[in-house]
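# okay, structure incoming, though there's no sequence with it:
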């Protein structure tokens, strides 16, 4: 198994934390408002040891916090931290792609409603400066100040015009 935390690539480092498929589904359920361990286990149909391991990894990464249930201190509740909540665009983008390419037309399993305007919406990447929607064709990638030769970056560096 590869460990990507040493890669000089933000995508690789993020995959190292959230790249296991159960992890993304756990995050989905936490975003949906589930918080009790048994709630998560029941909804996902996941083995207890796998759920415990994934939740621990999310806690270690600072994405999830755990607290005892007020009614029963032997049971745990989980909640997203600020860092975890900032993954919402990633999950919305995965959902939008799945709705477009894997769901039957007009049969999205979940609808996202923007509370301010009350309309059903979808993830649309936009420029953080001018707010225009981002099309892949309108992007170019440049080497950043944290880029360096090494695993996962040598070829990208060549494509970005950097010598590695």
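Perfect, I can see it now. Since the model is a prediction, treat every value here as computed from it, not as a measurement. Numbers count the residues shown, from 1 in each chain.
# shouldn't residue 43 be in contact with residue 29?
Yes. Shown here, residue 43 and residue 29 form a contact pair, counting by C-beta atoms under 8 Å, at 5.6 Å. Every C-beta, even on glycine, is put in place using the N, C-alpha and C of the backbone.
# next, count neighbours for the nearest residue to residue 68 once chain neighbours are set aside.
Here the nearest residue to residue 68 in space, its sequence neighbours aside, is residue 76; by C-beta to C-beta, 6 or more residues apart in numbering that works out to 6.5 Å. Using other C-beta atoms under 10 Å, residue 76 is surrounded by 17 other residues.
# contact partners for residue 72?
The neighbours of residue 72, taking C-beta atoms under 8 Å, 6 or more residues apart in numbering as the test, come to nothing; the list is empty.
# just say helix, strand or coil for it.
Assigned by DSSP: H, G, I helix; E, B strand; the rest coil, the conformation of residue 72 is coil.
# show me the shaky parts of the chain.
Scanning the chain for pLDDT under 70 picks out 1-2, 148-164.
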